[in-house]
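Trainee: model this:
(one chain, ligands or ions: 2)
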Amino acid sequence: MIRLHHVCKVFESGPMRLPALSDISFSVEKGEFVVLSGTSGAGKTTLLRLLYADEQATEGEIEVAGFDVRALRRSDVPRLRRSLGIVFQDAKLLSGRTVFENIAFVLRVLGTPRREITPKAFQALKAVGLSSKAQAYPAQLSQGEAQRAALARAIVKSPALLLADEPTGNLDEAMAGEILDLIKDIGSRGTTVLLATHQARLATQLKRRTLKLGGGVLLKDEG
Ligand SMILES: Nc1ncnc2c1ncn2[C@@H]1O[C@H](COP(=O)(O)OP(=O)(O)O)[C@@H](O)[C@H]1O
Ligand SMILES: [Mg+2]
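Mentor: Ligands and ions are numbered 1, 2, ... in the order given. Just a heads-up that it's a prediction; the model follows:
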């Protein structure tokens, strides 16, 4: 599902060269749940951004969901992203739309037949326990609920791969636990998951294979 082969990423800023990732190689098989750990600045977000073609690698090979990411033309990037669900620390919901509309919007963009949109959106909301907030606006949600909505929006397109970048970073411990349980549920239903977190304790609690980054280097691959 994911394969990186000797990947490097250097950010250029004027005359400065800032190496963010050095010689990263690993594979994640279909259906695996993998944690990407490492302290702040380790390179987790950069690595995820390379996977969904938000940044270009400097060197190496990247394969994601059957796409040769480095060879993709700009016009092919939406095709790659269609097969991915992505969640961030902050839910990034459209504030002028209800929870239901935020999710239905994704389906409309994907060209889902109109009659399928409502049942699919409600199914996704049910999967994250948020059916009762379908008509709420983002400002009316708690942070945990907003993150549930973001998860529903990510899974409504039945992605092959879910990428989560610090999805519990804004949440207290109880809410973080609920979101992680939901992500585990999503993983156990067959979606491949790559979850980045700087919270070492949380990475340990998950009891999943863990790729540990430090200073842009892959330090450990275990579990
Ligand atoms: N757009 C960018 N331009 C320059 N440097 C960047 C950029 N994005 C990230 N970096 C640098 O790359 C390193 C890794 O950052 P990041 O991937 O955000 O780490 P993490 O997500 O693990 O906290 C850091 O040193 C950061 O400052
Ligand atoms: Mg980060």
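
Trainee: what's the closest non-adjacent residue to residue 213?
Mentor: Closest residue to residue 213 apart from its sequence neighbours, by C-beta to C-beta, 6 or more residues apart in numbering: residue 38 at 3.7 Å. For the C-beta atoms, the positions are set from N, CA and C on the backbone; glycine is no exception.

Trainee: one more: residue 220?
Mentor: Closest residue to residue 220 apart from its sequence neighbours, by C-beta to C-beta, 6+ apart: residue 212 at 4.1 Å.

Trainee: look up phi and psi at the one you found.
Mentor: phi -100, psi 120 (degrees, to the nearest 10).

Trainee: close to ligand 2: what parts of this structure are there?
Mentor: Within the chain, the positions near ligand 2 by C-beta under 5 Å from the ion are 44, 45.

Trainee: remind me, longest helix of the chain?
Mentor: helix 173-188 (DSSP state H).

Trainee: count the residues that sit near the residue nearest to residue 220.
Mentor: By other C-beta atoms under 10 Å, 20 other residues sit near residue 212.

Trainee: what residues of the helix or strand containing residue 3 count as buried?
Mentor: Using DSSP states H and E, residue 3 sits in strand 2-13. The neighbour-count check on strand 2-13 (16 or more other C-beta atoms under 10 Å) flags 2, 3, 4, 7, 9 as buried.

Trainee: do the same with stretch 181-190
Mentor: 182, 183, 184, 186, 187.

Trainee: now these in JSON lines, with distance to residue 197 and pLDDT?
Mentor: What follows is these, written out as JSON lines (distance: C-beta to C-beta, whole Å; pLDDT from 0 to 100):
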{"residue": "182", "distance to residue 197": "15", "pLDDT": "95"}
{"residue": "183", "distance to residue 197": "11", "pLDDT": "97"}
{"residue": "184", "distance to residue 197": "13", "pLDDT": "96"}
{"residue": "186", "distance to residue 197": "16", "pLDDT": "95"}
{"residue": "187", "distance to residue 197": "15", "pLDDT": "95"}
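
Trainee: which residues does the strand holding residue 3 contact?
Mentor: 17-28, 43, 46-47, 50-51, 55, 57-65, 161, 192, 194, 216 (C-beta atoms under 8 Å, 6 or more residues apart in numbering).
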